[in-house]
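Visitor: Output the structure for:
(one chain, ligands or ions: 2)
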Amino acid sequence: MSNTPLIISAAIVGAEHTKESYPHLPVTPGEIAEAAKGAVEAGASIIHLHVRDEEGNPTQRVDVFEAVTEKIRKSCDCILQYSTGGAVGTPVELRCDPVSLKPDMATLSMGTMNFGPEIYENTEATISAIAKAIMENGVKAELEVFDLGQLEAVVRMKKRGLIPEAFHIDFVLGVPGGMTASIENLVTLVSRLEKDQSWAVAGIGRGQLPMAIHAIAMDGHVRVGVEDNIYYRKGEMATSNAQLVERVVRLAGEFDRPVATVDEAKKLLGIGA
Ligand code: KMH
Ligand code: ZN
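Guide: Ligands and ions are numbered 1, 2, ... in the order given. This next block holds a predicted model:
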């Protein structure tokens, strides 16, 4: 294990939960900015951002991303990473839209899959269209990889010039329809990466904590937050995104892994170089 600074990404909103399913979910621009500030003060350097409309529904509207970005920028310094995944079923043209605001980073999901009972559609044409928007706007891509086949798609599509040359990879493990959040799966995925490829893991639900611990030990990076997991432990809901980040910071301390500042994370990810 080296002591590469640990990049903690906080997925603070997501597109799946509602205030009904999780009362602490930030949905208004003010609440989202407040949650971002809390997560950053706790140790996160990346904010993975979904936004909600006036009714609290997931949206890819540029004006909402703009309003939330303005509030976050006023409240804290962070790497802002927009979701281009949106919600299951969001049309691809809309998913690309916020990238025109040139955030620091944007996500790029690498394949179609079952997503619980629904289908999360990412055909090659969809991936290419979103990748094109990301490249044209000079935004750093984070590839969302939900299973091994999608990692193989990364290699294929990179060879064909359909995705950016350089990217960060986030393994999202534990979605019903993707790979489970097991240590064996994480080790397999990481073993397939090119040397020096930066990666993180987001474990869904109860996979969040074990995936975070293993990423810390394996020299990877970590994503936590209520998009992926609303529980602190079995039967006890997390009180905030910050609480989930704070736990990762404590664990990193036990492994003598320093937590990356925003500037260190930018350097590691090649943002603004
Ligand atoms: N909401 C999921 C269907 C991303 O942000 O890039 C997709 C997602 C991925 O959350
Ligand atoms: Zn997301």
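Visitor: Number of residues surrounding T180?
Guide: 15 (other CB atoms under 10 Å). Where you see a C-beta, it was placed from the backbone N, CA and C, and this is true even at glycine.
Visitor: what residues are up against it?
Guide: Listed by CB atoms under 8 Å, 6 or more residues apart in numbering, the contact set of T180 reads L173, G174, G207.
Visitor: what's the spacing between stretch 265-273 and its chain's center?
Guide: With CA atoms, centre = their mean, to the nearest Å as the basis, stretch 265-273 stands 16 Å off its chain's centre.
Visitor: Hmm, I typed the wrong one, I wanted stretch 112-131.
Guide: Offset of stretch 112-131 from its chain centre (CA atoms, centre = their mean): 16 Å.
Visitor: If any of the contacts of T180 are buried, put those into a PyMOL selection.
Guide: Buried residues within these, by 16 or more other CB atoms under 10 Å, are selected in PyMOL with:
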select buried, resi 173+174+207
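Visitor: a strand runs through N122, doesn't it?
Guide: No: going by DSSP: H, G, I helix; E, B strand; the rest coil, the assignment for N122 is coil, not a strand.
Visitor: close enough to count as contact, it and G111?
Guide: Yes: N122 lies in contact with G111 (CB atoms under 8 Å); the separation is 5.4 Å.
Visitor: quick revisit: export the contacts of T180 to CSV and append columns for distance to ligand 1 and secondary structure.
Guide: As requested, the contacts of T180 are arranged in CSV below (distance: CB to the nearest ligand atom, whole Å; DSSP: H, G, I helix; E, B strand; the rest coil):
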residue, distance to ligand 1, secondary structure
L173, 13, strand
G174, 13, coil
G207, 15, helix
